[in-house]
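[1] What follows is a protein structure lacking sequence information:
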């Protein structure tokens, strides 16, 4: 099988292993820093990969994404501050255990469950990706455009609290992508006479601004907040209390396994993401629990369920990216940049041109899971102590300056620094007013392919846009997008009515 051949290549390459283990450490630390996400770290480190081999570059950022998802649980359990949106579910039971002096035990449960979820998700990706790619190869431009349309609508409507603001964020991403030269007529669009805009907006400074600078501005706005201390006693009694036995973890295993499949399924759907997977798994776990009354008060199962689902998203979320060129998450959107930088065209033909590279990337993912699992099991509390020693008034200025260097180094162009600064301010405004930076960036990445397939479809048709309604698969995806919006609207309406009844 291809994956075993890929593993043999990865395990015998010291340089690749070095990048994988470094990524596991970096992702864990970044994920554990309150307010800083794996997406921000990947965006900031993206220019570094210009000078790396394709596999090393992809593996480095891919494993940072995996480890960063897990690292969010460290902040949630130790500091009562979710490192990622998904780890807010872990915080519900994790922090009560930490207050009782069992932070290390909670972290061990989170680590084991994360590894189980991530491993199952990766295996499902490896087993099913070739089949998905074979189906994708049979799709024509109308079907591909319909998939893009469904992705736009689903991502815009599902991510965030508001459908209209989510869709507005997605539409803005499409609009910004249209800046530059028309791909067919080469006429200028939205350049306003600026030579710098004729080549369009570069992906790297845009993402650094949205994810890194936007987050720095948000942290500056909330600089009065303090990180809570965690019980760090090293007495023999404390060490004994933090040992995790098989009998303690055994009740967690069914929750971890079930949540892994929940997370893997949600991961395959573009835009839903790990936060939704974690809370769905937590709710389902509590519903099936033998003692649901203990959940929310420090139940180990309440940590296992969301952590398994959170990390199970990682692998399957790559399926739409690799087979259709549609990123299922913000991390996937950033990885698109790495593929393009190294001249690799993602989409249905990827498995015809770069099959070995894809399976080697999956192999690196498996090694990365093992790496962050071992490091996290024995060293998560040390990561927590390290973060407590870094003053925020030192850390965020360093991140701020590094962002400027990263934006400039991508093309050696000061205009990119200006783009990053404007995008950073825009990202901060989006977060402040409940618009969606993730939907904006994913739509920006998708817009080029959507426009290309739309124009190809019209060239194939004698009846204009009717071609999308006469092709069953294309019409099915268009209908899926509409159904997703209606279902989301009904869900939000029910939540609003329930909230109003509770207030009454």
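    Everything's here; your move. Keep in mind that this is a model prediction, so the values were computed, not measured.
[2] Could I get the full set of helices for the stretch 201-350 of the chain?
    All helices of the stretch 201-350 of the chain, identified by DSSP state H, counting those that start in this stretch, fall at 203-207, 214-221, 236-241, 246-249, 252-267, 273-288, 301-312, 319-324, 330-341, 350-353.
[3] hey, which of the ones you listed is tucked in deepest?
    Mean neighbour counts were compared across the helices of the stretch 201-350 of the chain using mean count of other CB atoms under 10 Å; the top stretch is helix 301-312, at a mean of 34. For glycine as for every other residue, the C-beta is placed from the backbone atoms N, C-alpha and C.
[4] distance between it and the chain's centre?
    16 Å (CA atoms, centre = their mean, to the nearest Å).
[5] Rounded mean pLDDT for it, please.
    Rounded to a whole number, the mean pLDDT of helix 301-312 is 90.
[6] just the angle between it and helix 273-288, please?
    150 degrees (axes from the mean of the first three to the mean of the last three CA atoms, to 10 degrees).
[7] Just want the angle from helix 301-312 to helix 252-267.
    With the same axes, to 10 degrees defining the directions, helix 301-312 sits at 30 degrees from helix 252-267.
[8] The chain should start at 141 in everything you say after this.
    All set: I'll call the first residue 141, so the last point we hit is now helix 441-452.
[9] For helix 441-452, name the packing helices and strands.
    With contacts defined as 3 or more CB pairs under 8 Å, 6 or more residues apart in numbering; DSSP states H and E, the secondary structure elements packing on helix 441-452 are helix 194-219, helix 227-239, helix 243-277, helix 392-407, helix 413-428.
[10] number of nearby residues for residue 605?
    By the criterion of other CB atoms under 10 Å, residue 605 has 11 neighbours.
[11] got a list of what it touches?
    Applying CB atoms under 8 Å, 6 or more residues apart in numbering to residue 605 gives the contacts residue 598.
[12] now it: how far from residue 202?
    Residue 605 is 38 Å from residue 202, where distance means CB to CB, to the nearest Å.
[13] and if you look at residue 563?
    Counting by CB to CB, the gap between residue 563 and residue 202 amounts to 24 Å.
[14] circling back: least reliable of the helices of the stretch 341-490 of the chain going by mean pLDDT?
    Among these, helix 376-381 carries the lowest mean pLDDT, a mean of 64.
[15] Thought residue 339 was touching residue 555, still the case?
    No - contact between residue 555 and residue 339 fails when scored by CB atoms under 8 Å: they sit 9.7 Å apart.
[16] and the nearest residue to residue 270 once chain neighbours are set aside, what does it touch?
    With CB to CB, 6 or more residues apart in numbering as the measure, residue 491 is the residue that lies nearest to residue 270, at 6.6 Å, once sequence neighbours are left out. For residue 491, the contacting residues are 269, 270, 273, 462, 463, 498, taking CB under 8 Å, 6+ apart as the criterion.
[17] Mind doing that once more with 7 Å?
    Residue 491 makes contact with 270, 273, 498, according to CB atoms under 7 Å, 6 or more residues apart in numbering.
[18] Could you tell me how many residues sit around the first one?
    Neighbouring residues of residue 270 were enumerated by other CB under 10 Å; the total is 15.
[19] ok, it to residue 276 distance?
    With distances defined as CB to CB, the gap from residue 270 to residue 276 amounts to 11 Å.
[20] Export the helices and strands packed on helix 441-452 to a markdown table and append columns for distance to residue 534.
    Putting the helices and strands packed on helix 441-452 into a markdown table (distance: least, CB to CB, whole Å) gives the following:
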| stretch | distance to residue 534 |
| --- | --- |
| helix 194-219 | 18 |
| helix 227-239 | 24 |
| helix 243-277 | 25 |
| helix 392-407 | 36 |
| helix 413-428 | 29 |
